[in-house]
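>>> only geometry, no sequence info:
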């Protein structure tokens, strides 16, 4: 069961303490008008299986600084931290979060990560269908195809076009 977190609560404060990727990002930056947390919960127990934080931007960020300080927009969903408590839950969460985002925000055309430069992140994202979009100084952007069955190649071309037009304005 997918839960979309729009408000700060004690439960979410406790979950965020487990973030192994970006623990330095304050909760107020994770839940606001342009940021949400998606939690996949076990249908039987209601316990969290995986958590992902997403920010909606007009372009693909190259750094945490850019992620936090970019003027908000909605064409790009940036998955900037994910962790799981159960095997396979991360992949399922990304798929369900993408579908929920596409339904709620059809204007989102790009699904990308702002991931650390680790072998574990690379293996996770490539295994789950993403392609490497760009390697930055301190991060990597992995690009996921749109839930509307867009291929990774088309997703890469569309993301490149969006990034060019956004930065070229």
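Structure's in. What do you need? As the structure is a prediction and not an experimental result, all values here were calculated from the model.

>>> would you mind measuring the gap between the ends of stretch 3-16?
15 Å (Cα to Cα, to the nearest Å).

>>> scratch that, stretch 22-38
Length of stretch 22-38, first residue to last, Cα to Cα: 15 Å.

>>> now this structure, which segments are flagged as low pLDDT?
147-169 (pLDDT under 70).

>>> pick out the residue nearest the middle of it.
residue 79 (1.2 Å; Cα atoms, centre = their mean).

>>> so that one touches residue 54, yeah?
Yes: Residue 79 is within contact range of residue 54, at 5.6 Å (criterion: Cβ atoms under 8 Å). Placement of C-beta: from N, CA and C, glycine included.

>>> if we can go back for a sec, now the residue nearest to the centre of the chain: how far from residue 46?
From residue 79 over to residue 46 the distance is 23 Å, taken as Cβ to Cβ, to the nearest Å.

>>> how about residue 85?
13 Å.

>>> pull the residues that contact the host helix or strand of residue 141.
Using DSSP states H and E, residue 141 maps to strand 140-144. Around strand 140-144, the neighbours that count as contacts under Cβ atoms under 8 Å, 6 or more residues apart in numbering are 60-62, 79, 94, 98, 110-117, 121-122, 125-126, 128-135, 152, 155-156, 159.
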